[in-house]
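[1] can't give you the sequence, but here's the structure:
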Ligand SMILES: Cc1cc2nc3c(=O)[nH]c(=O)nc-3n(C[C@H](O)[C@H](O)[C@H](O)COP(=O)(O)OP(=O)(O)OC[C@H]3O[C@@H](n4cnc5c(N)ncnc54)[C@H](O)[C@@H]3O)c2cc1C
Ligand code: SF4
């Protein structure tokens, strides 16, 4: 039955990456924000703990974290003269469902966009000429964004420090830094945490690439190389290289997700969920900017707390 709730300033439809980030920023401005999430409420403890979270049949094959495309179809067509058809089986496109959205089962690769990405049309025109664009036909609708990399740089920086991204800068304010990506756009400062440890295969690849004159660099990741406390006061743990990032949630508090970098500042109220079926329950998510992050006792059920490699 429909129920009238107390009015609030802002409601986000969905509590994935965008919904939770917007809620955080708006709540900091003093607004009262509620997020409505169509999927289940879930948290690192108890929902993401092993052995259940490493069930490959459930998460990799049956894609348990993804949108249920029997109930909510996404349609697709390759060109405008085709009839769009529903996608019946998820392959590379894997939209999430549940508190945290796709940002729970993402990989953690944390690249910034390049300068040219924001002026894509101008860049292609300059580099390849008008004829190149015309040859692509009317279906190609690329445009410049209307904001530039320089305008967004402080926000890339803020996001990286929120997530604790592990990496090595290649260009700080125009100064090329050894060990990083020399072709990246200028950044205002170093990554918040150092790059991940190099694996054996990574070292082989790096040596091979260097011997050919290339510039390999450690990939920036939101899977953390060391323990880190973000500017919101929330602590993340060190990655233990379990390998269950994509399509899975991190049981170790070591991968940035709404649960690990934002939601511990919020209150989660599932009172609506009992009115729906378990598969389509809604969580009401209220953000209180001044609320303290969950105390470590809240995290004590996590296996990472007792793992000597990740204890901080
Ligand atoms: C497998 C995988 C790996 C990825 N790896 C990377 C990576 O390594 N690096 C990278 O940069 N990006 C990666 N991405 C992309 C990244 O996760 C997404 O870009 C990001 O999560 C999108 O944020 P969003 O808020 O738009 O959507 P989501 O995070 O998916 O959030 C959308 C939320 O809205 C909810 N919702 C939708 N409709 C409704 C409705 N009508 N009512 C209520 N709730 C609703 C959904 O249930 C969901 O929780 C990956 C994505 C996937 C799927
Ligand atoms: S511990 Fe590391 S490898 Fe395992 S899921 Fe977390 S971030 Fe990914």
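    Right, received. Where do you want to start? Computed from a prediction, not measured in an experiment: that's the story for all the values here. Ligands and ions are numbered 1, 2, ... in the order given.
[2] And residue 264, what's its pLDDT?
    With respect to pLDDT, residue 264 scores 78.
[3] Stretch 166-174 spans what distance, first to last residue?
    20 Å (C-alpha to C-alpha, to the nearest Å).
[4] Please point out which parts of that stretch sit buried.
    Judged by neighbour count (16 or more other C-beta atoms under 10 Å), stretch 166-174 contains these buried residues: 166, 167, 168, 169, 170, 171. Where you see a C-beta, it was placed from the backbone N, CA and C, and this is true even at glycine.
[5] The fifth one against residue 186, yeah?
    Just to be clear, that refers to residue 170. No. Counting by C-beta atoms under 8 Å, residue 170 sits too far from residue 186 to count as a contact (9.6 Å).
[6] returning to what we had before: take the buried residues of stretch 166-174 and write them to a markdown table, including secondary structure and pLDDT.
    Shown next, in a markdown table, are the buried residues of stretch 166-174 (DSSP: H, G, I helix; E, B strand; the rest coil; pLDDT from 0 to 100):
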| residue | secondary structure | pLDDT |
| --- | --- | --- |
| 166 | strand | 98 |
| 167 | coil | 98 |
| 168 | coil | 98 |
| 169 | coil | 98 |
| 170 | coil | 98 |
| 171 | strand | 98 |
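[7] residues from this protein in reach of ligand 2?
    Residues of the chain lying close to ligand 2 (C-beta under 6 Å from any ligand atom) are 223, 239, 240, 241, 242, 243, 244, 245, 250, 252, 254, 255.
[8] Next up, phi/psi of the residue nearest the centre of the chain, please.
    Residue closest to the average C-alpha location in the chain (C-alpha atoms, centre = their mean): residue 103, at 4.0 Å. Backbone torsions for residue 103, taken as degrees, to the nearest 10, come to phi -70, psi 0.
[9] buried sites along stretch 141-161?
    149, 152, 153, 156, 157, 159, 160, 161.
[10] brain fart, stretch 234-241
    Applying 16+ other C-beta under 10 Å to stretch 234-241 flags 234, 235, 236, 237, 238, 239, 240 as buried.
[11] and if you look at stretch 54-69?
    59, 63, 64, 65, 66, 67.
[12] repeat for stretch 255-269
    So for stretch 255-269, counting by 16+ other C-beta under 10 Å, buried means 255-266, 268.
[13] Need the per-residue pLDDT for the residue in the stretch 1-150 of the chain that ligand 2 sits nearest to.
    Closest residue of the stretch 1-150 of the chain to ligand 2, C-beta to the nearest ligand atom: residue 108 (6.1 Å). As predicted, residue 108 sits at a pLDDT of 97.
[14] That one and residue 256 touch, don't they?
    Yes. Using C-beta under 8 Å as the test, residue 108 is close enough to residue 256 to be in contact (6.8 Å).
[15] shared neighbours, the two?
    residue 222 (C-beta atoms under 8 Å, 6 or more residues apart in numbering).
[16] ok and the residue in this protein nearest ligand 1?
    For the chain, C-beta to the nearest ligand atom, closest residue to ligand 1: residue 16, 1.7 Å.
[17] Please list all residues in contact with that residue.
    96, 100, 101, 102, 103, 258.
[18] how about a cut-off of 10 Å?
    By C-beta atoms under 10 Å, 6 or more residues apart in numbering, the contact set of residue 16 is 35, 37, 39, 95-104, 106, 257-258.
[19] Can I have the buried ones of those as a ChimeraX selection?
    Buried members of the contacts of residue 16, defined by 16+ other C-beta under 10 Å, are picked up in ChimeraX with:
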select :35,37,39,96,97,98,99,100,101,102,103,104,106,257,258
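[20] Check the offset of the longest helix seen in the chain from the chain's centre.
    The longest helix of the chain (DSSP state H) is helix 149-163. Relative to its parent chain, helix 149-163 has a centroid offset of 14 Å by C-alpha atoms, centre = their mean, to the nearest Å.
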